[in-house]
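Visitor: predicted structure and sequence below. I'll ask about it afterward.
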Amino acid sequence: MNIIAFIIRRKTLVSMLFIALVVLGVVSFHYLPVELYPNVELPFLIVSASSQQDVDPSYIEKQAIIPLEGAVSGLEGIDRIESYVERNGGIIYVFFDKNVNTKYAYLRLDEKVKALAADIGDDFQLMVFKTETEQLTNQFMTLQVRGGGGTDRVRFVADKEIVRDLENIDGVADVQVFGGREKSVEIIIDEQAIRANNISPARIRGLIAQNAGIKTFVGKAYDNDRFYFVNLVADYTDVRHLESIVVDAAGPVLLGDVAEIYFGVKQPTSISRVNGKDAITVQLTRESQINLIDLAHKTRDVIDNLNDKLKPLDVEIVIQSDSAEQIEENIDMIIELALFGGLLAVFVLWIFLRNLKWVLIITLALPISIFTAFNFFYAGNI
């Protein structure tokens, strides 16, 4: 009773408190992460053993799949194991019980597979995958770049004029271009040379990937009272960079000593044409924990600016699919249903109460409750 009496006597304080909760709720609503699907880990892992050339499936089963199944079976909480073998490799699906920690199981399985890789040899490339619904929604937008002069010209314009601007959007993690002839590197290994130096193709592949992934910390950058760590990422831009990779420190033996390296372009695997114009596809991938709707709006603004710049080049960017559109449609539908439901509730209250004061009090309680809940959503990162 003392609390109720205090609340009744402090009407201004209580009113200001609820107004503050509503205002904070409105702000929290705009900062809530938006996902098309909830971020959950699916209760299974995938182990793949891929071969560089087609071989007899029974050989893959004996040399790779059966040893991998033996390693997998040592994990706890396995519900069932399913294996599939083809001429170019095999896949093992490991299904777990519902109460198993998939992240821990992934680390244990990855450790076992890496320990087994030396026994299986260089004939197979082993990898462990885990599937999360977040991965399904990371690719948030697909674009088509249309223009004249052939797909190679459209690809050249996209690489030179479009990709960099899209990569600079805050929240875009990766930009992939499909179509036209892609730049490629061809490495022809001298079999006699690598055997003489006891160097395996897998070692060469690992050294190339290792050198490409080198990052160097160069300092911090400040922007809007926030600071960012800046790393310089190594990238191959000249054939001499690859030729200088040390594949054996004893000599030293360089990659250029045991292989011939050529820069060129891949042969196109597909041709697309829309309304008589050549087209290529651009796939955009977003960073995790980024508001999808805000990112989509920023991306659309950049696309509009790019289209203005590309008009003289007879090239146009068209949005083919956008995950944010479906989310915006769902949110608009929820808002419409909430408004309709709220008005219907007020109407029913008026029929039964016939008291304007009590109807207004209950009517105010609805939005206050909703916007207050958004504060807890924001605090819980929901």
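Guide: Looks like it came in fine.
Visitor: number of residues surrounding residue 175?
Guide: 19 (other CB atoms under 10 Å). (C-beta placed from N, C-alpha, C; glycine too.)
Visitor: can you tell me the helix or strand for it?
Guide: In the assignment (DSSP states H and E), residue 175 maps to strand 172-178.
Visitor: distance of residue 307 from residue 317?
Guide: Separation of residue 307 from residue 317 (CB to CB, to the nearest Å): 6 Å.
Visitor: higher neighbour count, these two?
Guide: residue 317 (20 against 13).
Visitor: from the chain's centre, how far out does the one helix or strand the more buried one maps to sit?
Guide: Using DSSP H and E, residue 317 falls within strand 315-322. Mean C-alpha position of strand 315-322 versus that of the full chain (CA atoms, centre = their mean, to the nearest Å) differs by 20 Å.
Visitor: ditto for stretch 312-327
Guide: Per CA atoms, centre = their mean, the displacement of stretch 312-327 from the mean C-alpha position of its chain is 19 Å.
Visitor: what sits against the spatially most central residue of the chain?
Guide: Most central in the chain under CA atoms, centre = their mean is residue 138, positioned 3.6 Å from the mean C-alpha point. Shown in contact with residue 138 (CB atoms under 8 Å, 6 or more residues apart in numbering): 173, 285, 286, 288.
Visitor: which residues in the stretch 101-250 of the chain form helices?
Guide: 102-120, 133-138, 151-157, 163-167, 191-196, 201-212, 239-243 (DSSP state H, counting those that start in this stretch).
Visitor: packing partners for the first one?
Guide: If contacts are counted by 3 or more CB pairs under 8 Å, 6 or more residues apart in numbering; DSSP states H and E, helix 102-120 sits against strand 41-51, helix 66-72, strand 89-96, strand 124-132.
Visitor: closest one to residue 242 among those?
Guide: For the helices and strands packed on helix 102-120, the distance to residue 242 is smallest for strand 124-132, at 20.1 Å, taking CB to CB.
Visitor: could you give the mean pLDDT of that closest one?
Guide: For strand 124-132, mean pLDDT is 80.
Visitor: and it, what's buried?
Guide: Across strand 124-132, burial judged by 16 or more other CB atoms under 10 Å covers 124, 125, 126, 128, 130, 132.
Visitor: that strand: how far from the chain's middle?
Guide: That offset, for strand 124-132, works out to 16 Å (CA atoms, centre = their mean).
Visitor: what pairs with that strand, parallel or antiparallel?
Guide: Partners of strand 124-132 in the sheet, by DSSP bridges, are strand 41-51 (antiparallel).
Visitor: the strand it pairs with: what's the following helix or strand?
Guide: With elements assigned by DSSP H and E, the helix or strand that comes after strand 41-51 is helix 57-60.
Visitor: the stretch 251-382 of the chain: helices as residue ranges?
Guide: Assigned by DSSP H, counting those that start in this stretch, the stretch 251-382 of the chain shows helices spanning 255-258, 292-310, 323-353, 356-379.
Visitor: of those, which is nearest residue 63?
Guide: helix 255-258 (26.1 Å).
Visitor: packing partners of the closest one?
Guide: Other helices and strands packing on helix 255-258, by 3+ CB pairs under 8 Å, 6+ apart, are helix 191-196, helix 201-212, helix 239-243, strand 246-248.
Visitor: now the helices of the stretch 101-250 of the chain as CSV including distance to residue 348?
Guide: What follows is these, written out as CSV (distance: least, CB to CB, whole Å):
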stretch, distance to residue 348
helix 102-120, 46
helix 133-138, 39
helix 151-157, 59
helix 163-167, 51
helix 191-196, 81
helix 201-212, 65
helix 239-243, 74
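Visitor: check which residues of whichever helix or strand residue 4 is part of are buried.
Guide: According to DSSP H and E, residue 4 maps onto helix 2-9. Judged by neighbour count using 16+ other CB under 10 Å, helix 2-9 contains no buried positions.
Visitor: need the residues that contact that helix.
Guide: With CB under 8 Å, 6+ apart as the test, helix 2-9 has contacts from residue 14.
Visitor: past it, which element shows up next along the chain?
Guide: As assigned by DSSP H and E, the chain's next helix or strand after helix 2-9 is helix 11-31.
Visitor: how about low-confidence regions in the chain?
Guide: Scanning the chain for pLDDT under 70 picks out 1, 35-41, 132-137, 180-184, 209-240, 262-276, 289.
Visitor: list the contacts of the residue lying closest to residue 297 once chain neighbours are set aside.
Guide: The shortest distance from residue 297 to any non-neighbouring residue, by CB to CB, 6 or more residues apart in numbering, is to residue 324 (7.7 Å). Contact analysis of residue 324 by CB under 8 Å, 6+ apart lists 34, 140, 141, 292, 293, 295, 296, 297.
Visitor: for residue 281, state which of those is nearest.
Guide: Nearest to residue 281 out of those is residue 141 (CB to CB; 11.2 Å).
Visitor: distance of that closest one from residue 244?
Guide: Plainly put, residue 141 is 39 Å away from residue 244 if you go by CB to CB.
Visitor: who's more crowded, those two?
Guide: Neighbour count, other CB under 10 Å: between residue 141 and residue 244, residue 141 has more, with 24 against 12.
Visitor: I figured that one hits residue 319, correct?
Guide: Yes. With contact defined as CB atoms under 8 Å, residue 141 reaches residue 319; the gap is 6.7 Å.
Visitor: that's all I had, so thanks and see you.
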